[in-house]
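>>> what shape does this take:
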Amino acid sequence: MTLPIKPPYLPMEALLVSEIPVGDNWEYEPKWDGFRCLAFRDGKSIELQSKSGQPLARYFPEVVEALSKLKPSKFVLDGELVIPVKDGLSFDDLLQRIHPAASRIAKLAQATPAHFIVFDLLVDDAGKPIYDLPLSKRREKLEGFAKKFIAKNQAIELSPKTSNINVARKWLSTTGMKLDGVIAKRLDLAYRSGERDGMQKVKRMRTADCVVGGFRYASKGKVVGSLLLGLYDDVGLLHHIGYTSSFNESDKKELTKKLEPLIGAPGFTGNKPGGPSRWSTKRSAEWEPLQTKLVVEVQYDHFTGGRFRHGTKFLRWRPDKKPKACTIDQVN
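Residues are numbered from 1 along each chain as shown. As a prediction, this is how the structure comes out:
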């Protein structure tokens, strides 16, 4: 490639904060639920690069094709690969793309085509580097690029932005699966490859009331290590949907006293916790079913594919909540 920057090139990172920063020097964008991606084009050569520097082009041939149809033959864009579905964006469908079989990828590209949402321009359509310009200038050039070249390309779109803090807060509170939070960027800074000092992110955090359908003992000592969480479907089956393990040692001892007398059926009557994997020992995969009497409120960031994507944070017990009232519609 003859571009001023070439893969692997680390994208600018965001520092996770609890509140959206306020001030005249900040600009805000939605945080999309997808794969961060840098797109490099140098003539017929097009490369997609992940946040960690890994190549992505073979997994998203439809995005490569869309980029090849743009008029300029040289540019570098920063953005997010997403897969739109009926209710928002599907992270699970993105994960399925990372597959060794080209035939499988081609089939998925037809069934669930990906989009590329762009939010920065690092090398312009003349092949000139602009990453040293402040964001305010880069965004101006990106909007000109989008207006000229991607307005009619259905697979590539420009991410919105705002300087209005109230709009950013509305994005953060938006329900549904499309937005993952809010990104705040410093207008006066150049593109900071691999750094976190010019960009901050506030993630949407949600809560759910869940039934404790079982637990696992900790790997050391016969104390509770994690609570196994469940939600009921519309026919009354309790499905395992994740876990919470945010307890200190004294809490674990108290939990053990609370839970061991409740060991027994029914536990999970729908999807159950998985068995051993190559990362787990036999003991860590074992779990104890519980009578369905306890309800907890937990905080989570993502629910996808019938599960919390990450571990949840325990907030409080909910003795006032009936277990049967803990249904899957809380997270859909």
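>>> C-alpha from now on. contacts and neighbour counts both.
OK.
>>> helices and strands of this structure: which one bottoms out on pLDDT?
The element with the least model confidence among the helices and strands of the chain, by mean pLDDT, DSSP states H and E, is helix 282-285, at a mean of 49.
>>> which neighbours does the helix or strand just after that helix have in its sheet, and in what orientation?
Later in the chain than helix 282-285, the nearest helix or strand by DSSP states H and E is strand 288-289. Strand 288-289 pairs in its sheet with strand 206-217 (antiparallel), by DSSP bridges.
>>> not counting its own residues, what contacts the strand it pairs with?
Among residues not part of strand 206-217, those counted as contacts by C-alpha atoms under 8 Å, 6 or more residues apart in numbering are 223-231, 238, 240, 263, 267-268, 284-301, 318, 323, 326, 330-331.
>>> same question, stretch 82-100
Applying C-alpha under 8 Å, 6+ apart, the external contacts of stretch 82-100 come out as 32-35, 59-60, 105, 108, 112-117, 176-178, 304-305.
>>> would you put the C-alpha positions of it in CSV?
As requested, C-alpha coordinates have been extracted for stretch 82-100 and formatted as CSV (Å, rounded to 0.1, in the frame of the first residue of the first chain):
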residue,chain,number,x,y,z
VAL,A,82,-22.8,-3.5,12.4
ILE,A,83,-25.5,-5.9,11.2
PRO,A,84,-28.9,-4.4,11.3
VAL,A,85,-31.8,-6.6,12.2
LYS,A,86,-35.5,-6.0,12.8
ASP,A,87,-35.1,-4.8,16.4
GLY,A,88,-31.8,-3.0,16.2
LEU,A,89,-28.3,-4.4,15.7
SER,A,90,-27.2,-8.0,16.2
PHE,A,91,-23.8,-8.6,17.8
ASP,A,92,-24.4,-12.4,17.6
ASP,A,93,-24.6,-12.2,13.8
LEU,A,94,-21.3,-10.3,13.8
LEU,A,95,-19.7,-13.1,15.8
GLN,A,96,-21.0,-15.7,13.4
ARG,A,97,-19.0,-14.0,10.6
ILE,A,98,-15.7,-15.0,12.2
HIS,A,99,-15.8,-18.4,10.5
PRO,A,100,-13.1,-20.4,8.7
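>>> in that stretch, which residues are buried?
Residues of stretch 82-100 classed as buried under the neighbour-count rule (16 or more other C-alpha atoms under 10 Å) are 82-84, 89-91, 93-94, 97.
>>> cool, and stretch 113-126?
Buried residues in stretch 113-126, defined by neighbour count with 16+ other C-alpha under 10 Å: 113-125.
>>> quick one: contacts for residue 161?
For residue 161, the contacting residues are 27-30, by C-alpha under 8 Å, 6+ apart.
>>> just curious, which of the buried residues of stretch 113-126 is nearest to residue 74?
When the buried residues of stretch 113-126 are compared for distance to residue 74 (C-alpha to C-alpha), residue 125 wins out at 5.5 Å.
>>> where's residue 77 relative to residue 127, distance?
Here the distance between residue 77 and residue 127 works out to 12 Å (C-alpha to C-alpha, to the nearest Å).
>>> what does the pLDDT read for the residue of the chain most remote from its centre?
When each C-alpha in the chain is compared with the mean C-alpha position (C-alpha atoms, centre = their mean), residue 261 comes out farthest, at 37.8 Å. Residue 261 is assigned a predicted lDDT (pLDDT) of 95.
>>> same check on the one 4 residues further on?
According to the prediction, residue 265 has pLDDT 93.
>>> returning to what we had before: what about the contacts of residue 161, which one has the most neighbours?
For these, neighbours were counted by other C-alpha atoms under 10 Å; the highest total belongs to residue 28, with 27 neighbours.
>>> skipping adjacent residues, who's closest to that one in space?
residue 184 (4.5 Å; C-alpha to C-alpha, 6 or more residues apart in numbering).
>>> and the least confident of the contacts of residue 161?
Across the contacts of residue 161, the bottom pLDDT score, 93, is held by residue 30.
>>> identify the bridge partners of that residue.
With DSSP bridges as the criterion, the beta-bridge partners of residue 30 are residue 182.
>>> could you number the chain from 18 rather than 1 from now on?
Sure, I'll start counting at 18 from here, so that last one is residue 47.
>>> right, and it touches residue 191 too?
No. No contact is recorded between residue 47 and residue 191 when judged using C-alpha atoms under 8 Å, the distance being 10.4 Å.
>>> shared neighbours, the two?
Residues touching both residue 47 and residue 191 do not exist when contact is defined as C-alpha under 8 Å, 6+ apart.
>>> shaky segments in the stretch 168-317 of the chain?
192-195, 292-302 (pLDDT under 70).
>>> what segments of the stretch 168-317 of the chain are helices?
Along the stretch 168-317 of the chain, the stretches classed as helices by DSSP state H, counting those that start in this stretch are 182-190, 266-276, 299-302.
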